[in-house]
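Visitor: Sequence and predicted structure below; questions after.
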There are 2 protein chains.
Amino acid sequence: MGRRNQHSREQQREMTIAAAELILVREGFSGLSMRKVADAIGYTVGQLYLIFRNQDDLLATINERTTDAIYGHLRNAADAETAPLPRLQALGSAYIEFAQNHPHRFRMLFEHRLPPEMEPRPSSETRIRRMFELVESAAADVVAENDPARLRQIATTLWSGVHGIAALAVSGKFKWAGEADFRRYSDDLITTYVAGLQARHG
Amino acid sequence: MGRRNQHSREQQREMTIAAAELILVREGFSGLSMRKVADAIGYTVGQLYLIFRNQDDLLATINERTTDAIYGHLRNAADAETAPLPRLQALGSAYIEFAQNHPHRFRMLFEHRLPPEMEPRPSSETRIRRMFELVESAAADVVAENDPARLRQIATTLWSGVHGIAALAVSGKFKWAGEADFRRYSDDLITTYVAGLQARHG
DNA sequence: CACATAAAATGGACGGCGTTCACTCCCGAC
DNA sequence: GTCGGGAGTGAACGCCGTCCATTTTATGTG
C-alpha cells in the first residue's frame, strides 16, 4: 500500500532534517529552501508536505535539534568543571563557543519566528526551559540565594547577558572590538556580576 | 530631460525609505518586499532600482535610520539623568524600551546581513560606533578606570549584556518571564556588574 | 494469478519574490 | 517643431512556498 516503501515515514523525517541542516550550515538560513531539501533527499517538494506541515514546521523542528545540541554542549562543559564559579563560566564560554562554531544554526534558532497560529509549540518551549534550568542550577551553586524568584532573575540576567555577547558575535555588527575573544567578555560579565552579587549581599 | 519630474531623486529616496519603514513596522521584515514598496510610492519596481542598488541597499539604509533613532532615544534618556549610575541605567532601559516599542525595526537591524561583496559600509559602521561611544562615555563616568582598553571592554560587556536582554525580549523565545520585567533585568545587570567592578577594584 | 483498493509519490500550477533590461514616453534644448 | 536622452515602464527570468489532481504501486482479496 504505497509506492516505494524504501524509507519509512520516520526515516524520511530524519533524512529531511539531516539534509536541511546540511544546507543550513552550508548556505545559511536564507539559502535553505524546500526545493533544495527535496532534491537532496531524492523526493519531490510535494512529498515534503506529507512529512512536515510546511516550512515553518521543518525550521522549528531543526531549531529543536539545535536547542538540544546547545544543551548537550553546555552539559559537557558543566560536567567538566566541579567548582561552582568555574562551572558557570564554562557554561558561558560553551554558549559563546557554540554560537561561533555553528553561526547559522544559532542565528536561525533566534531569528526564525513561528506565525502566531502555529504557536505555542510545547516541544520547543520544554527544550528551551531545560537549557535555562541548567544555567539556573549552576547559578544557584554560585550565589547563596534562597528566594527562588530572585534566583531566577539572577539566572535570567546572566543568561541574557551571555546571549547578548553571542548574538553580537554572530551578527557581524561588531567589528571595532577586538575580534578574537568574545569568551573573555563572557568571563568578565559572569565574574564581575557574581562579585557584585556577593558585594551587595555580604 | 525625464518624464514626470514630480519628485526629485532625493524626494523619491525619502519617499521610498518612509514607505518601506511603514511596511516594515506593519508587516515585519519578511513582509517587506520591493514590489510593495514600489506600489506604496506609486512607481514601478524598475524605478526602485534607479534609487537603490538593490534590496540590501534599501534595507541597510533603513537600518542606518534605525541606528540613528536608537541613538537619539539613548541620548534623550542620558540627558535626562545627571548622576552617572542612573544615567547608565537610563541608557540600558532606553535600549530595551526601543526594542520593545519598535521590535521589527530592532530585529531587522541585527538580523539583516549584507552579502560579503557589499561590505564594508562606512555609513553604517560610523553610526554604530557613535552609539557605542555614548555607552562608553556613560560607563566612564561610573567606573574609575584609566586604561582605555579595559574601559572599552567594560562598556562592551555591559552593552552586550543589555543587548542580549533586548534581543531575547524581542525574540519571543522567552515567554516565562514577565513581559514588563525586561528593564528590571537591565537594571539588575548594570547595578550588579558595576558593584562587582567596584568590589574588585577597592 | 488477476484484480481492486488505497496509500505513496509526482509534477504542474499558482501567486509572490528580487532583479534586469528593451522599450516607451515626454521634458527641455535647439 | 523636432529630436536627443534621461525618466519611467512592464514584461520576462528564475527562484520561492504551497497545493492538489493525477499517476504509480504494494498489498489484501478472490
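Guide: Nice, thanks for sending it over. Numbers count the residues shown, from 1 in each chain, chains lettered A, B, ... in the order given.

Visitor: Most proximal residue of chain A with respect to chain B?
Guide: residue A:164 (2.2 Å; Cβ to the nearest Cβ). C-beta: built from backbone N, CA, C; applies to glycine.

Visitor: what's the nearest residue to that residue if we skip its chain neighbours?
Guide: Nearest non-adjacent residue to residue A:164, counting by Cβ to Cβ, 6 or more residues apart in numbering or on different chains: residue B:164, 2.2 Å away.

Visitor: With just CA atoms, put the helix or strand hosting that neighbour into PDB.
Guide: Using DSSP states H and E, residue B:164 maps to helix B:148-171. Output of helix B:148-171 as PDB, limited to C-alpha atoms (Å, rounded to 0.1, in the frame of the first residue of the first chain):
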ATOM      1  CA  PRO B 148      41.100  52.800  27.800                       C
ATOM      2  CA  ALA B 149      41.300  49.200  26.600                       C
ATOM      3  CA  ARG B 150      39.800  48.000  29.900                       C
ATOM      4  CA  LEU B 151      37.200  50.700  29.700                       C
ATOM      5  CA  ARG B 152      36.200  49.600  26.300                       C
ATOM      6  CA  GLN B 153      36.000  46.100  27.500                       C
ATOM      7  CA  ILE B 154      33.700  47.100  30.300                       C
ATOM      8  CA  ALA B 155      31.500  49.100  28.000                       C
ATOM      9  CA  THR B 156      31.400  46.300  25.500                       C
ATOM     10  CA  THR B 157      30.400  43.700  28.200                       C
ATOM     11  CA  LEU B 158      27.700  46.000  29.500                       C
ATOM     12  CA  TRP B 159      26.300  46.900  26.200                       C
ATOM     13  CA  SER B 160      26.300  43.300  25.000                       C
ATOM     14  CA  GLY B 161      24.600  42.200  28.100                       C
ATOM     15  CA  VAL B 162      21.800  44.800  27.700                       C
ATOM     16  CA  HIS B 163      21.600  43.900  24.100                       C
ATOM     17  CA  GLY B 164      21.000  40.300  25.000                       C
ATOM     18  CA  ILE B 165      18.100  41.200  27.200                       C
ATOM     19  CA  ALA B 166      16.600  43.300  24.400                       C
ATOM     20  CA  ALA B 167      17.300  40.500  21.800                       C
ATOM     21  CA  LEU B 168      15.600  37.900  24.000                       C
ATOM     22  CA  ALA B 169      12.700  40.200  24.800                       C
ATOM     23  CA  VAL B 170      12.000  40.700  21.100                       C
ATOM     24  CA  SER B 171      12.800  37.100  20.000                       C
END
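
Visitor: Now do it against helix A:148-171: the angle between them, please.
Guide: Orientation check (axes from the mean of the first three to the mean of the last three Cα atoms, to 10 degrees): helix B:148-171 against helix A:148-171 gives 110 degrees.

Visitor: Which strands and helices lie in contact with the helix or strand just after helix B:148-171?
Guide: For helix B:148-171, the succeeding helix or strand toward the C-terminus, using DSSP H and E, is helix B:182-201. Under the contact criterion of 3 or more Cβ pairs under 8 Å, 6 or more residues apart in numbering or on different chains; DSSP states H and E, helix B:182-201 touches helix A:148-171, helix A:182-201, helix B:84-101, helix B:148-171.

Visitor: Need the ones you listed in TSV (columns: distance to DNA strand D).
Guide: Output for the helices and strands packed on helix B:182-201, formatted as TSV (distance: least, Cβ to the nearest atom of the strand, whole Å):
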stretch	distance to DNA strand D
helix A:148-171	22
helix A:182-201	31
helix B:84-101	27
helix B:148-171	21
